[in-house]
Each structure stands twice: as C-alpha cells, then as structure tokens.
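**Student:** Here is a sequence with its predicted model. Questions after.
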Amino acid sequence: MINSELKKILRCVKCKKPALIAEEKFLICKSCGANYLIHNNVPSLLINDVKNQKWNPWKLNKAKKTADSYYKRAKGDLPEKESSKSLARLIKRKKFFSKTDNYLDIGCATGHYLVSLRKIINKKIKYTGIDILKEYLIWGDEIFGHSELSNFIHCDGLNLPFKNKSFDYTLVNLFHFFPKLDEPLKEALRVTKKMLIWRTPIGQISYMIKWVLYEQRHNKIGSLHIDRNDLDHCIYMLYSKDYIKSIVKSFGGKVVFIEQDKNFKHFDNTSLKEFKNIPSTKTVNGTQMNGNLHLDWHYVGIKV
C-alpha cells in the first residue's frame, strides 16, 4: 500500500513523530497510537475530518462540482491546464530538476499538474500530491497509478504529514485561497529542501477579497458586508511584492526570483458547466481575468 520512499518521510500529524507503520488498511503511529485510514491507496492523515477544517469555507458537496473538469484534464479528455504547462516550462528553463529530485504539489486536486511535468520534464519524475478533498486524490491514484514515482495523500496544508526537508521542490498554486498566509507558507517551507515554487497573483498593493458563491439573489442572502462568514464564499488574497519578500524573510527564507507568468495560451473556463456561479478564469487580450478581477500571475522562487 505505502511505498518505501514515502515511508521514509511520513510522520504522525498528531504527535509529529516519524513512527508510522502500515497494517492492512491503516497507518498506525507507534508513539501515540493514532491511526489513519488508507482508502484506495490514499492514506488520510488528518486529525479532524475535512468538514472541521476552518480554513476551507467551501461546502464539499458543491466544491465537488469542479471535480469533473479536473478529472478530465488529468485523464487527457480535456486539454492540459495552461498553468501546469507554464510551471513545467519554468522548471525546465531554470533547470530545477535532476533524476533524484522529488516534488510535492500542495493542492494537487486530481494531479493535473503531473500531466505536464511528465510530458515536459521527465516521465519518471518523483511526485507526491496532497489535497483536502479525498475524492480528487482517489481519482488521481486511479489515473496515474500508485508507485515509487507517484503518491497521493489526503491531508491538511496547515499540518503536513512529512518530516522536515522531505522534498527537494515544493509546488503550490493555492495560497491565494487561504485567509491567512503565515501558517501554510511556514509549513510548506518546513518540508522543502531546495526551493518552494509558488504561483500567485500579485497586486500593486495587498488585497483581501471575498467572493460570494452560488446564490446571488438579495431575497435569499440578504445584505452583504465584509464580516459575513455565513455565506458560501471563497477568499482571494493578492499580495504585493514587498509583502511577499518580508513575510518570507520572517520565516528564514529568501525570495530568489519573482517572474510574471505570461507563458499561456487563450482559454475560457467560464464556458465549463462545472464552474457555474463560482470563480473561474479566462483570458482577455492576453490577460487572465476572474470575473471582474485582473489576475497578474507571478512565480515566486523561495530558498529555505
């Protein structure tokens, strides 16, 4: 169930000790006795069930509506995501690859980034994908297989089940959805050995934006104000370059490059039924837009 390379880097998310052993359909911690279910090759390393994760305001039954497009992209029934091709080309151009390097993808969904990494970088790239939605990961394991080269783990980005410096490179295109950057950034840096490659929209100043999802009628949702958290919503955080550099420095890291991402072709995700009434992107005159929001995507390279 759990391959040898993964066993070397896993740790218990409860007591933080690397004492996990595999027994039938469970991973069991020898230190504190915590046990974690393995479902279809995907270990679920969470202290609480996903519904208790306060950082994730999306209701699961509705968030799963996007799953169909992620599944089809990973399987090849829909075109590769432009962001995944762009990331793979960046890694190749900057030579952030060797045959011994391993990669962690935080917020991997069904592993659609792995499609481009295998095509553009190397077919035998060592990849581990994590996500808070278990269904995505089970599909990822189904599509890409369970081996020494690809793993999918159900866990929380705020409490990663890995030892310090477990991965040569960590990839993330998710932090703009976290209401507070400090915790996930610090945790990502903890498990990274060489470089954290973070794709994020950057603002002239820092912005905190709250999207109202699904229901849009006043007679159903009432008055809108920034403090309301009872509605289905999504957080969008756009940070300035100065903010990014200073927060990284506060955690002992160093920003070694910030590069604008314009390495993508025209696309329109708003035409997909899975994205109806939720944030979805398209290009307008070569610029990515999400509704009325202009997304100035950048890659941020951080050395630990």
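**Tutor:** Arrived safely, thanks for sending.

**Student:** what's the helix or strand hosting residue 199 packed up against?
**Tutor:** Using DSSP states H and E, residue 199 sits in strand 192-201. Secondary-structure packing of strand 192-201 (3 or more C-beta pairs under 8 Å, 6 or more residues apart in numbering; DSSP states H and E): helix 82-93, strand 167-172, helix 182-190, strand 233-238, strand 297-303. Quick note: C-beta positions are derived from backbone N, CA and C, even for glycine.

**Student:** Now do the helices in the stretch 151-300 of the chain.
**Tutor:** In the stretch 151-300 of the chain, the helices defined using DSSP state H, counting those that start in this stretch lie at 182-190, 218-221, 241-250.

**Student:** any chance you could map the strands in the stretch 51-200 of the chain?
**Tutor:** Along the stretch 51-200 of the chain, the segments classed as strands by DSSP state E, counting those that start in this stretch run 102-106, 126-131, 150-155, 167-172, 192-201.

**Student:** Let me have the ones you listed in a markdown table, adding distance to residue 139, mean pLDDT and mean neighbour count as columns.
**Tutor:** Output for those, formatted as a markdown table (distance: least, C-beta to C-beta, whole Å; pLDDT from 0 to 100; neighbours: other C-beta atoms under 10 Å):
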| stretch | distance to residue 139 | mean pLDDT | mean neighbour count |
| --- | --- | --- | --- |
| strand 102-106 | 15 | 98 | 24 |
| strand 126-131 | 10 | 96 | 24 |
| strand 150-155 | 9 | 95 | 24 |
| strand 167-172 | 19 | 98 | 24 |
| strand 192-201 | 22 | 97 | 21 |
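
**Student:** who wins for proximity to residue 29 among these?
**Tutor:** Among those, the nearest to residue 29 by C-beta to C-beta is strand 150-155 (14.2 Å).

**Student:** Parallel or antiparallel, which strands does the closest one pair with?
**Tutor:** Paired strands of strand 150-155, with direction, are strand 42-45 (parallel), strand 126-131 (parallel) (DSSP bridges).

**Student:** check contacts around residue 71.
**Tutor:** Going by C-beta atoms under 8 Å, 6 or more residues apart in numbering, residue 71 touches 110, 139, 143.

**Student:** how about a cut-off of 7 Å?
**Tutor:** By C-beta atoms under 7 Å, 6 or more residues apart in numbering, the residues touching residue 71 are 110, 139.

**Student:** Done for today, thanks.
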